[in-house]
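Visitor: This is a predicted model, with the sequence first.
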Protein chains: 2
Amino acid sequence: MASEARWLTADEQVSWRAYLRATRELTVALDRDLQCEGISLPEYELLSMLSEADDDRLRMSALADLIVQSRSRVTHTAARLERRGWVQRRPAPDDGRGVVLELTDEGRDAIRRFAVTHVESVRRHLVDVLRPDQFRALGEAMLAVDAAYQADPTTPDPAACPTMEP
Amino acid sequence: MASEARWLTADEQVSWRAYLRATRELTVALDRDLQCEGISLPEYELLSMLSEADDDRLRMSALADLIVQSRSRVTHTAARLERRGWVQRRPAPDDGRGVVLELTDEGRDAIRRFAVTHVESVRRHLVDVLRPDQFRALGEAMLAVDAAYQADPTTPDPAACPTMEP
DNA sequence: CGGTTATAGTTGAAGCGTCAACTACAGCAC
DNA sequence: GTGCTGTAGTTGACGCTTCAACTATAACCG
């Protein structure tokens, strides 16, 4: 408790700041490009995962894990997409509690259109601004971060934050 | 218009998906760790930038650029932090329209405490899960993305999204 | 100067995300 | 079977973010 924090070195600071800036900027750019077409990035990701799944359908919880959103958020997002006629809720055949979300025909058409815009956006703001080896290195680093996150036991559970003055 | 979209290759897809997952996970992890201490990541970033500035003070718009948030958002965030006694608004001496945000003594104490938690969090979820060369490569890629974002003229201005059915 | 345009920042409403509480069903124990 | 515990998903309230509209000042131009 009394030991000094391991501060970042000057070089590490530069990388970390760059990470913070660039990820924010990328989110802004990708979302803006999609918003122009009439959909947000989180909504796009949901549709995108559905369209790649077998039979264009997934359980709500599988979807939540894939796009790294809370279950509650997926419920809300799916509700919005359902209102627009792009997805449809169905009871899960094998589990009375479960819900399967399914892409509608309109949803399939929509995601196909959006995908064109989106892939161009990803290239313009990310892939094409890096050398191929740079992008590969980025991907590998991100896989490592993902793996660490999955493995870290302190991440998912504690649910209790000790100090919080009344 | 008729030409095919340049889809991502399989390898590129893997990197891109890893990026999406890992950045979300990192945000979740870092924010959760700070929330336990009683502050959100965006709020922390604002305080952090102030604490590194000359005289612990910055113009609102400079702050907005540094943390990549809209001006409106900075106004709201600053208002919250002001309610907690950590920052203080002042008229800018040289520009009648401007506002300078200044860290209070309590704010200085607060950011110092939070920083300890935060740097540990950044190490645990990002820096320490990568090899040093990997982290450096990540930083360099992110600097390139940032530079491209700053340079891209289509990013900041168009303000008009053509198609939007009434 | 007076008029026009651009910049700095705020405001309030609407939309999205989070959180805790809740329903409903599954799985296991006995 | 009954009861207990865990999982799937939803709900509504609250808080944060976004967006468009607005005020106020600066900067430029004639």
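Guide: Looks like it came in fine.
Visitor: Looking at chain A, which residue is nearest DNA strand D?
Guide: When distances are taken as C-beta to the nearest atom of the strand, chain A reaches nearest to DNA strand D at A:Ser61, 2.8 Å away. Every residue, glycine included, has its C-beta placed from N, CA and C.
Visitor: residue contacts, that residue?
Guide: A:Arg71, A:Gly98 (C-beta atoms under 8 Å, 6 or more residues apart in numbering or on different chains).
Visitor: And for A:Ala141?
Guide: B:Ala22, B:Leu130, B:Gln134, B:Phe135, B:Ala137, B:Leu138.
Visitor: What pLDDT does the model give it?
Guide: Turning to A:Ala141, the model gives it a pLDDT of 98.
Visitor: How about the one 3 residues further on?
Guide: Reading off the per-residue confidence, A:Ala144 sits at a pLDDT of 98.
Visitor: Which positions in stretch A:131-147 come out as buried?
Guide: Buried residues in stretch A:131-147, counted by 16 or more other C-beta atoms under 10 Å in any protein chain shown: A:134-146.
Visitor: from those, which single one is nearest A:Thr77?
Guide: Nearest to A:Thr77 out of those is A:Asp146 (C-beta to C-beta; 21.5 Å).
Visitor: quick one: that closest one from B:Tyr19, how far?
Guide: 9 Å (C-beta to C-beta, to the nearest Å).
Visitor: hang on, the earlier thing: tell me the one of the buried residues of stretch A:131-147 nearest A:Glu102?
Guide: A:Asp146 (27.4 Å).
Visitor: ok, now which ones touch the closest one?
Guide: B:Ala18, B:Arg21, B:Ala22, B:Glu25.
Visitor: Excluding covalently adjacent residues, which one is nearest to the spatially most central residue of chain A?
Guide: Centroid check for chain A by C-alpha atoms, centre = their mean gives A:Ile67 as the closest residue, at 4.1 Å. Distance criterion C-beta to C-beta, 6 or more residues apart in numbering or on different chains; nearest residue to A:Ile67, sequence neighbours excluded, is A:Glu45 at 4.7 Å.
Visitor: Check that neighbour and give its pLDDT.
Guide: pLDDT, A:Glu45: 98.
Visitor: got it, and the one 5 residues further on?
Guide: You'll see A:Leu50 listed with a pLDDT of 98.
Visitor: Any idea what the closest residue to it other than its chain neighbours is bridged to?
Guide: Once flanking residues are discounted, A:Leu50 sits nearest to A:Leu103: 4.6 Å by C-beta to C-beta, 6+ apart. According to DSSP bridges, the residues that bridge with A:Leu103 are A:Val87.
Visitor: Isn't the residue nearest to the centre of chain A up against A:Tyr44?
Guide: No. Using C-beta atoms under 8 Å, A:Ile67 makes no contact with A:Tyr44, being 9.8 Å away.
Visitor: Point out the ones among the contacts of A:Asp146 that are inside helices.
Guide: Counted as lying in helices by DSSP state H, out of the contacts of A:Asp146, are B:Ala18, B:Arg21, B:Ala22, B:Glu25.
Visitor: and which of these is nearest to A:Arg80?
Guide: For the ones in helices among the contacts of A:Asp146, the nearest to A:Arg80 is B:Arg21 (22.2 Å; C-beta to C-beta).
Visitor: so the closest one makes contact with A:Met142?
Guide: Yes. The criterion here is C-beta under 8 Å, and B:Arg21 meets it with A:Met142 at 7.3 Å.
Visitor: For chain A, give me the ranges with low pLDDT.
Guide: A:1-4, A:153-166 (pLDDT under 70).
Visitor: can you give me the helices in chain A?
Guide: Counting by DSSP H, the segments of chain A that form helices are A:10-37, A:41-52, A:60-67, A:71-83, A:105-125, A:132-151.
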